[in-house]
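Novice: Compute the structure for the input listed below.
(chains A and B)
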Amino acid sequence: MFSRKKINKKNTEQVAPREESERGAARASKHSMGYLKNLHQQVAVEAFKNILSKPFASFLNCLMIGVAFALPALLYLIVINLQVLGHGWEGQPRISLYLETGLAEKQVRVLRNQARDDQDIAGFTFISPGEGLREFQEKAQLSGVFDALGFNPLPAVLELEPRSSFPVDKLGELLERYKVKSGVVEARLDREWVERLDAITGLVEQFALLLSSLLAVMVVLTIGNTVRLSVESRRAEIQVIKLVGGTDGFVALPFLYMGIWYGLGGAVLALMTVWLIQAGVMSGVLELTALYGSSFDVLGPDFTLVLSLIFAGGLLGLTGALASCYRHLRGMEQKAH
Amino acid sequence: MIHFDNVTKRYPGGHVGLDQVDFHLERGEIAFLTGHSGAGKSTLLKLIMLMERPTSGSVAVGGHDTAKLSRGQIPYFRRNVGVVFQDHQLLHDRTIFDNVALPLIIAGYSKQESAGRVRAALDMVGLLDREKNLPLELSGGEQQRVGLARAVVNRPPLILADEPTGNLDPKLSSEIMKLFENFNQVGVSVLIASHDLALIARMQRRVLTLNKGRLINGQEGI
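Specialist: Predicted structure coming up:
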């Protein structure tokens, strides 16, 4: 009469459903896929409703998790934007030739003609000292400073644009070729700047990784604590479920879903925060890039970021809930005994 | 169905819950467990439910030596024992239907699949028309009957009851006892802990009496 085989479930799992039907409980085969799907669906929905039933407290919880997610997410955005700045800087690095002050018109023309005839140079721009000054005054509102100076300190600049197929490792030679020409004081490759940017980007990236792992621990602890409080408040219910034969898994399932929901809620809030910040920063950046005479879009959260945030939210939520359930459900049992 | 063999339960701190208790409850038997409070009634029931483990001696239930059951097997074991508590232990945020369905849901039935058996159990205790109510909308006697329905919905071969009539007046108490007798008549073993001596006397069944953890009466069946 006592279904012995069901108790020895681990050894004889296949026997359990047959045992059921022997007991006249014909239809349900225990833990069939349909049943599990049904159970998970139901528990997930109930856990979600549970969170919604205390909107303010739940929102604060999600916000705390959201802030923890938003920090590394912002750093990630900074990294990808710096990378775009570095690699997407209109293809080839340019060479800037700073000319002697007061260089005669004729000599400038010689240089321009050389650049025009050079097969390796696709194009060039001449910025006279006067043009340079005007640009500065318009955009940087520094007119006062230059007025006080009484003269124009800016050199004329010839910007050379190497042809797009020019091998990058030969750029140094090209630079030397123009550096030694008469009238040229200094020649610079924009690439130095790009390399420095790359180094900074790398640093920010490492910092973001480090910060992410610290904040991941924080999220796990936060969610673990929230789940612990919920386990405590539902102690009576848990004990009833255990007494009528609920397994640890059955008891823990609502709490695991709770952890997942909190993690996902935090991730969504983090995304919203990041989008808002991006919109705010964007307007500032537009002014800045206008200064450089270039257009540059601040990249918002990309597919990778959205996906990793959602994934991290769910996973860290589950981890926190699992750790908390394991500790507190066991602890509860010992107290009950 | 239940075999206690020289069972002693000593709690940390020295309190002795049970002292060398021997008794058998046969399959299909109904018996009362009595004694003043603190005599060990609850300890005895907890040992059967595996909420406690004996300090020494052996407890076998339904042919299983409970000492051999691992932690993971306990839930499956408990599904074969229906329990009724003095304070009902219903979940107040769920309907009567959901409360009674709980053991079936836990055992792996969907709500649809369990509906028939839930209604049959509710019908047995005369509460078929209250399935949509919440527990607190019911009287104490009705709540206890819901607890009873939940204990039998899984058709367990053994039912344990801990002071099932503790909070009820004599008339309601007799009704509850009548229900236990009904279940017993279809072959279910029943063990009821109670200190209501008058009620027990009226029932004229086997009585196990505990005193300070020792079984002083009723070791052998009538």
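
Novice: Could you report the neighbour count for B:V59?
Specialist: A count of nearby residues for B:V59, using other Cβ atoms under 10 Å in any protein chain shown, gives 22. Glycine gets a C-beta too; all of them are placed from N, C-alpha and C.

Novice: helix, strand or coil for it?
Specialist: With DSSP: H, G, I helix; E, B strand; the rest coil as the basis, the three-state label of B:V59 is strand.

Novice: Hmm, it is touching B:V7, no?
Specialist: Yes: with contacts counted by Cβ atoms under 8 Å, B:V59 reaches B:V7, the gap being 5.9 Å.

Novice: any shared contact partners between those two?
Specialist: Common neighbours of B:V59 and B:V7, counting by Cβ atoms under 8 Å, 6 or more residues apart in numbering or on different chains, are B:L47.

Novice: Can you show me the strands along the chain?
Specialist: I went with chain A, as the question did not name one. Using DSSP state E, the strands of chain A run over A:95-99, A:121-127, A:157-162, A:184-189.

Novice: oops, chain B please
Specialist: Under the criterion DSSP E, strands of chain B are mapped to B:2-10, B:16-25, B:30-34, B:56-61, B:64-65, B:81-84, B:158-162, B:189-193, B:206-211, B:214-217.

Novice: dump the residue contacts of the residue of the stretch 101-250 of chain A found nearest chain B.
Specialist: Relative to chain B, the nearest point of the stretch 101-250 of chain A is A:G245 (3.6 Å; Cβ to the nearest Cβ). Counting by Cβ under 8 Å, 6+ apart, A:G245 touches B:P75, B:Y76, B:F77, B:R78, B:R79, B:P103, B:I106, B:A107, B:N154.

Novice: ranking those by neighbours, who comes first?
Specialist: Tallying neighbours with other Cβ under 10 Å puts B:P103 at the head of the contacts of A:G245, with 29 neighbours.

Novice: Report the separation between A:K49 and chain B.
Specialist: According to Cβ to the nearest Cβ, to the nearest Å, A:K49 stands 11 Å off from chain B.

Novice: wait, A:F250 sits on B:P103?
Specialist: No: look at A:F250 against B:P103 with Cβ under 8 Å: they stay out of range, at 11.2 Å.

Novice: got the end-to-end distance for stretch B:77-86?
Specialist: Stretch B:77-86 stretches 22 Å from its first residue to its last (Cα to Cα, to the nearest Å).

Novice: so does that stretch get close to chain A?
Specialist: Yes: with Cβ under 8 Å from any Cβ of the partner chain as the criterion, chain A is reached by stretch B:77-86 at B:F77, B:R78, B:R79, B:N80, B:V83.

Novice: So for chain B, the centremost residue is which one?
Specialist: B:L160 (1.7 Å; Cα atoms, centre = their mean).

Novice: ok, it - contacts?
Specialist: B:L160 makes contacts with B:L45, B:I48, B:M49, B:V81, B:G82, B:V83, B:V84, B:V190, B:L191, B:I192, B:A193, as judged by Cβ under 8 Å, 6+ apart.

Novice: Out of these, flag the one nearest to chain A.
Specialist: Using Cβ to the nearest Cβ, B:V83 is the member of the contacts of B:L160 that lies nearest chain A, at 5.8 Å.

Novice: With adjacent residues omitted, what lies nearest to that closest one?
Specialist: Ranked by Cβ to Cβ, 6 or more residues apart in numbering or on different chains and with sequence neighbours excluded, the top spatial neighbour of B:V83 is B:L160, at 5.1 Å.

Novice: Thanks again, I'm all set now.
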